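>>> Output the structure for:
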Amino acid sequence: MNTNTRDIEKLLIQGLTKGDQHSYRILFDRYYSWLYNYVYKLSHDSSLSEDLVQNVLLRLWEKKSSLNITTSLKNYLFRACHNEFLMHLRKKKKEYDALDTLKWEVIFDTYNEIEESQLDTDWSKLEKAIEKLPKKCREVFKLSRLEQKKHKEIAVILGISTKTVEVHISKALRFLKTNVSIFFL
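This next block holds a predicted model:
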């Protein structure tokens, strides 16, 4: 890195720590595309890439007064985005593992304990509960669980971000878990 770039980064960091919105805007304009492209290469998901980079840059602004950047700003942002992506992967894996475990536990328990007529009744309860979900939440849940579509596919179909898809699915699962005491995954 040349001296000029180092000086610019130093000025941006100083401005940022003082709460200067202009410095933040320059930082955002200077690094957003580069960070987005990096995260996109990792994720192959444009909505996710936007969300993760925006999270990093938002946190940078929120913690501006306590920033202690000892490396170059570019390296700091690169590592922050890399770590944000890794945290996303860990979170997704934990959610998937927990849902998968719960699904199989419930299926085995239910299969062993419920007669076919009870299963029909329970399915009916589940369908009624699903219909009580808000419209968009219901659409996302049905596409995910009944049609087995991936989050990215659902986002494209409904014209929403994958993050919004995840929020709707979590909301639906919480509602169903609270309101329906049968297997539903």
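
>>> Quick check: what element follows the helix or strand of the chain with the lowest mean pLDDT along the chain?
Using mean pLDDT, DSSP states H and E, the weakest-scoring helix or strand in the chain turns out to be helix 116-131, at a mean of 74. As assigned by DSSP states H and E, the chain's next helix or strand after helix 116-131 is helix 135-141.

>>> What's the mean pLDDT across stretch 6-18?
For stretch 6-18, mean pLDDT rounds to 85.

>>> Now that stretch: buried residues?
Under the neighbour-count criterion of 16 or more other Cβ atoms under 10 Å, stretch 6-18 has 8-9, 12-13, 15-17 buried. Quick note: C-beta positions are derived from backbone N, CA and C, even for glycine.

>>> Which of these fall within helices?
Among these, the ones falling in helices (DSSP state H) are 8-9, 12-13, 15-17.

>>> Identify, from these, the entry nearest to residue 149.
residue 16 (41.0 Å; Cβ to Cβ).

>>> With adjacent residues omitted, what lies nearest to the residue most central in space within the chain?
The centre of the chain sits closest to residue 163, judged by Cα atoms, centre = their mean, with a distance of 4.4 Å. Setting aside the residues directly before and after it, residue 163 is nearest to residue 51 in space (Cβ to Cβ, 6 or more residues apart in numbering), at 4.9 Å.

>>> wait, that neighbour sits on residue 166?
No - contact criterion Cβ atoms under 8 Å: residue 51 and residue 166 do not qualify, at 9.9 Å.

>>> returning to what we had before: give me the distance between the residue nearest to the centre of the chain and residue 73.
26 Å (Cβ to Cβ, to the nearest Å).
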